[in-house]
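Visitor: no sequence on this one, just coordinates:
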């Protein structure tokens, strides 16, 4: 008798599905979205951490390269000074010639910098850009002049008052 009650309970269809099933589905969908976006958030955080670490290492590498470059430059200048001193027979003349060479190098670097800044300004392109903008403004003004007179938004707003 007990078995018969269990079998009817298992085979009998639910007469009206409860609305809690819909809420369960929505809750599961929300949990799945939370897991998905949580994983995306964790991935983004990991990538930002790697990028932050990479930037720090890039700065350290740049500093190390700068120190090594300055050290190499000083070594080359010292060797050049020794060679000039041996060739000229005087440390004073060697150092003066070395200072002159450095001054010429500095002057050349400043001239190159100024030339690059001039190239960046692109005066010819700037004139072409201005002409293109003026032509565009003229075209828009011509289109506006050809359109039939319609009340503007400001005029429509005043009419409604």
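Guide: Okay, I see it. Because the structure is a prediction, the values reported are computed rather than measured. Residues are numbered from 1 along each chain as shown.
Visitor: Let me see the contact set for the residue nearest in space to the middle of the chain.
Guide: Against the mean C-alpha coordinate of the chain, by CA atoms, centre = their mean, the closest residue is residue 51 at 12.5 Å. Not one residue lies near residue 51 by CB atoms under 8 Å, 6 or more residues apart in numbering. Quick note: C-beta positions are derived from backbone N, CA and C, even for glycine.
Visitor: where's it, which helix or strand?
Guide: When secondary structure is defined by DSSP states H and E, residue 51 falls within helix 20-88.
Visitor: Could you identify the helix or strand that succeeds that helix?
Guide: helix 91-121.
Visitor: how many neighbours does residue 130 have?
Guide: 10 (other CB atoms under 10 Å).
Visitor: what residues go with each domain of the protein?
Guide: Dividing the chain into domains by automatic domain parsing, as the record does, gives the ranges 19-89, 91-147.
Visitor: now those domains as a markdown table including mean pLDDT?
Guide: Shown next, in a markdown table, are these (pLDDT from 0 to 100):
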| stretch | mean pLDDT |
| --- | --- |
| domain 19-89 | 87 |
| domain 91-147 | 85 |
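Visitor: if I look at residue 30, how far off is residue 64?
Guide: Residue 30 sits at a distance of 50 Å from residue 64 (criterion: CB to CB, to the nearest Å).
Visitor: Distance from the chain centre to stretch 34-51, please.
Guide: Relative to its parent chain, stretch 34-51 has a centroid offset of 19 Å by CA atoms, centre = their mean, to the nearest Å.
Visitor: Make 287 the first number, not 1, from now on.
Guide: Got it, first residue is 287 now, which makes that one stretch 320-337.
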